[in-house]
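Peer 1: Please work out how this folds:
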Amino acid sequence: MRRIASTDAGYISGDLSLFPTIVDDRDSLYRVENNAETKLKSGISYNSKQIIVLNTAGFPDKGLLRIGSLTGITNSPELIYYGSKTTTTFKNITRGFAGSRQNPWPSGSYVTNSVCAEHHNAVKDALINMQKKTGLKILPENNTINRKLKDLELRYLSPKAIFRAFPKKALPNTPIRFQSLCEGDIIRYLWDFGDGNQSVDQNPTYTYANEGLYTVKLYLITTDGAQGISTKNNYITISNEEFRPFFYVKNVSGRTYRFIDQTDGSIIQRFWVFGDGEKYTELDPNIHEYEYTYLDAGTYSPSLLIAFTGNSIKRTFLKTELVVI
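Peer 2: Got it, this is the predicted structure:
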């Protein structure tokens, strides 16, 4: 396969990067097949301001010249930069480019397009093609490696917006507790309660004023910018036909209290939570009282979880916290 050069007619940046189709070897590094070549028509001295040659065809409008013997032959050539050209003359020259030795050159000396410029272009084009295939870090194009990686990140590494609420069925103006179960470095939460109101708290408590079915959404953003969303359609039911489980406490003596449940319905069991880490399960649905003694003074938030026939569950809390002295 013929190796192209950046001096070819119709050359487009990026065309020189042919790896792995073509791998440069020693010969191609030292001699480019279609390198422009001519000879000095007039000799040049140390102080020459222009270079007159037989023909400048094939040379770019500006660039580097190599004066001396043919490329690949051991010698001490001179690299000369030229800024413009005519059909037989290179003008606006800079002698001894890149530290090469500045010499007088007799008529007939070879003048070629510098191979080092050609391979500079090859490296540049390789980087251009690598960028095209790899893709930019921000907003990479489709089918690039970065675009594919970002798609995989969105699929597998985006935060999972997992949440729950209790109770899911309630009377209007009943406090409903929403809890995020998300993992990762979350920096922003946005709850949409489905009635036009929102919250940025991690675990908000919210009350619905009107009856209806409400769809709840949770949006997440992590420290690396990944986003997650979860939607639960018709998740919350607010109805005047729902009843509120109810219990209260009486101080028996000291730190001993009697918890009394007055909930109606087909109850299977009661699960008492005293707020200090202790719990008790009452399996007999006909027993709706339980006495409990707190070991330490403090403020507690006891609750009652009630299981009904049909696998329905309701939970209720005291209207005010219990202060134990």
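Peer 1: Show the residue spans covered by the strands in the stretch 51-200 of the chain.
Peer 2: Using DSSP state E, counting those that start in this stretch, the strands of the stretch 51-200 of the chain run over 51-52, 63-68, 78-85, 89-94, 110-113, 163-166, 169-170, 175-180, 186-192, 198-199.
Peer 1: Identify whichever of those strands lies nearest to residue 37.
Peer 2: strand 110-113 (5.0 Å; C-beta to C-beta). Where C-beta positions appear, they are placed from N, C-alpha and C, glycine not excepted.
Peer 1: which other helices and strands contact that closest one?
Peer 2: In terms of contacts (3 or more C-beta pairs under 8 Å, 6 or more residues apart in numbering; DSSP states H and E), strand 110-113 is packed against strand 37-39, strand 63-68.
Peer 1: helices and strands of the protein: which one has the lowest mean pLDDT?
Peer 2: Every helix and strand of the chain was ranked by mean pLDDT, DSSP states H and E. The lowest is helix 26-30, at a mean of 44.
Peer 1: which of the helices and strands packed on strand 110-113 sits most buried?
Peer 2: For these, the largest average neighbour count (mean count of other C-beta atoms under 10 Å) is found in strand 63-68, namely a mean of 22.
Peer 1: So what touches it?
Peer 2: 40, 44, 51, 59, 75-82, 90, 97, 103, 105, 109-117 (C-beta atoms under 8 Å, 6 or more residues apart in numbering).
Peer 1: what's the closest non-adjacent residue to residue 307?
Peer 2: residue 268 (4.6 Å; C-beta to C-beta, 6 or more residues apart in numbering).
Peer 1: actually residue 226, not the one I typed
Peer 2: Spatial nearest neighbour of residue 226, excluding adjacent residues (C-beta to C-beta, 6+ apart): residue 158 at 4.9 Å.
Peer 1: and if you look at residue 250?
Peer 2: Using C-beta to C-beta, 6+ apart, the closest residue to residue 250 is residue 258 (4.7 Å).
Peer 1: Assign that neighbour to helix, strand or coil.
Peer 2: What DSSP: H, G, I helix; E, B strand; the rest coil gives for residue 258 is strand.
Peer 1: For it, the count of nearby residues, please.
Peer 2: For residue 258, the neighbour count with other C-beta atoms under 10 Å is 13.
Peer 1: residues contacting it?
Peer 2: Contacts for residue 258 (C-beta under 8 Å, 6+ apart) come out as 249-250, 252, 289-291.
Peer 1: Next one: it from residue 306, what distance?
Peer 2: Per C-beta to C-beta, to the nearest Å, residue 258 is found 18 Å from residue 306.
Peer 1: how far away is residue 179 from residue 212?
Peer 2: In terms of C-beta to C-beta, residue 179 sits 22 Å off from residue 212.
Peer 1: Residue 124 now?
Peer 2: Distance from residue 124 to residue 212, by C-beta to C-beta: 64 Å.
Peer 1: Report the beta-bridge partners for the residue nearest to residue 250.
Peer 2: Taking DSSP bridges, one obtains residue 250, residue 291 as the residues bridged to residue 258.
Peer 1: distance of it from residue 153?
Peer 2: Taking C-beta to C-beta, one finds residue 258 at 56 Å from residue 153.
Peer 1: How about residue 125?
Peer 2: 30 Å.
Peer 1: Which one's more surrounded, these two?
Peer 2: residue 125 (19 against 12).
Peer 1: didn't the more buried one look like it was pressed against residue 12?
Peer 2: No: the criterion here is C-beta atoms under 8 Å, and residue 125 misses it with residue 12 at 9.2 Å.
Peer 1: quick one on the thing from earlier: in three-state terms, label the residue nearest to residue 307 for me.
Peer 2: strand.
Peer 1: Also residue 231?
Peer 2: Once three-state DSSP is applied, residue 231 turns out strand.
Peer 1: what's the closest residue to it other than its chain neighbours in contact with, if anything?
Peer 2: Of all residues not flanking residue 231 in the chain, residue 217 sits nearest, at 4.8 Å (C-beta to C-beta, 6+ apart). Neighbour list for residue 217: 191-192, 194, 229-232 [criterion: C-beta under 8 Å, 6+ apart].
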